[in-house]
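Asks: have a look at this fold, sequence not included:
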Ligand code: FAD
Ligand code: NA
């Protein structure tokens, strides 16, 4: 530890961004501890040998941002492909474009409504529950976009995501259901989007390609049988902690709730199985929520991909138990109150900065995690690095 100025727990995008900044601005010597056997956190990917597909091991990751600062920053480490994200959904044996747009509406009602006509129709259908205050997710969905579209495209999909009948789910899960009254089915509204040209993991390796950054994989910060553990480090060297905040405090106030996703891999002797990268399944009779065909994220790599084989991952959503990968914060009022109490405890640890999605119990996209890491470096971490210390 004598040769370490900063310890970072977690080699996800938060930890990697902080490490890169600490070296660049303070010449710091950084030690990153990572319990998994790879860097990149949940955005990690690998190339599947059989098909040549880049598999996003923890679920499909699409990069998008409207922040010039973040876009400029990520472009220092990777170029992005011109991939534009589009999603389709299968409902009663038919494929529709998402998000719900004029194409979806006209296909669903076998009509040729103009934008104005479609808007008037949806308003009328939503009026079914106009004067009521919806208490459950079903009523809320109907009040937002009307019963026909809600029941076709939202109800069962959301039910599968939560493993719960939407009539039993709180209305607050959905605040808005965007409907586009034109044929634009570009999924993200951000200024920039794309996938890293050489893959996610190459991007992340370039961020920490510096002799002053040392990464220890397969190293759990709480494992007292290895020397680089919490008790040996905290108080001696500043720490950036990106693991679960409740875990840091030994769950002393209780556990924050998360949802997780199970993946089922299916292989086909076909060039292309879905015809697109992401197909949702809107109906209850298909048990998974969506299927991802990774080859189709990178059509520019066709020459390196196997033309006769493809791989698809089906996603099943459920509540996380301890030991599962925590993916999406459940974020009920109880969770929010509990997190606020953990955040108070975190604030009382002067030499530990809590960051990232696990450390702050927030759903962040990659661009948001990078933005918060750049901010945290500037406002909380730089000062911990002892600017008075002499470094070359
Ligand atoms: P993480 O990536 O979770 O990294 C934290 C790291 O800390 C992990 O590697 C973990 O192993 C390590 N760690 C935890 N505890 C310890 C410990 N005790 N000791 C050592 N190491 C530890 N974002 C997008 O922009 N676009 C998308 O399309 C998108 N899709 C997503 C799909 C899914 C299913 C999920 C789950 C997330 C998705 N995201 C997406 C969000 C994206 O994954 C996150 O924004 C980003 O990865 C968060 O980075 P992080 O560093 O905060 O956390
Ligand atoms: Na702190």
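Replies: Happy to help now that I have it. None of these values were measured; they are calculated from a predicted model. Ligands and ions are numbered 1, 2, ... in the order given.
Asks: in the stretch 201-350 of the chain, what residue lies closest to ligand 2?
Replies: The stretch 201-350 of the chain approaches ligand 2 most closely through residue 349 (4.3 Å), counting by C-beta to the ion. The C-beta positions use only the backbone N, C-alpha and C, and glycine is treated the same way.
Asks: residue in the stretch 51-200 of the chain nearest to ligand 1?
Replies: The nearest approach of the stretch 51-200 of the chain to ligand 1 comes at residue 59, 2.7 Å away (C-beta to the nearest ligand atom).
Asks: ok so, going back, number of residues surrounding the closest residue in space to the residue of the stretch 201-350 of the chain closest to ligand 2 that isn't next to it in sequence?
Replies: Take residue 349 and drop its neighbours on the chain: the residue closest to it by C-beta to C-beta, 6 or more residues apart in numbering is residue 234, 7.4 Å away. As a burial measure, residue 234 scores 17 neighbours (other C-beta atoms under 10 Å).
Asks: who in this structure is up against ligand 1?
Replies: Taking C-beta under 6 Å from any ligand atom as the contact definition, the chain meets ligand 1 at 9-15, 33-36, 41-43, 58-63, 220-222, 242-243, 261, 327, 356-358, 364-367, 369.
Asks: could I get the buried residue list for the host helix or strand of residue 46?
Replies: Element membership for residue 46, per DSSP states H and E: strand 45-47. Of all the residues in strand 45-47, those buried under the rule 16 or more other C-beta atoms under 10 Å are residue 45.
Asks: stretch 309-329 now?
Replies: Residues of stretch 309-329 classed as buried by neighbour count (16+ other C-beta under 10 Å): 309-317, 320, 326-327, 329.
Asks: can I see the domain layout of the chain?
Replies: Taking automatic domain parsing as the reference, the chain has its domains at 6-39+208-256+330-385, 102-173.
Asks: how far does the first one sit from the chain's center?
Replies: Spelled out, that is domain 6-39+208-256+330-385. With C-alpha atoms, centre = their mean, to the nearest Å as the basis, domain 6-39+208-256+330-385 stands 17 Å off its chain's centre.
Asks: quick one: mean pLDDT over that domain.
Replies: Here domain 6-39+208-256+330-385 scores 97 as its mean pLDDT.
Asks: what is the end-to-end distance of that domain?
Replies: Using C-alpha to C-alpha, to the nearest Å, one end of domain 6-39+208-256+330-385 lies 7 Å from the other.
Asks: same check, this time on the shortest one
Replies: Here the two ends of domain 102-173 are set 25 Å apart, with distance taken as C-alpha to C-alpha.
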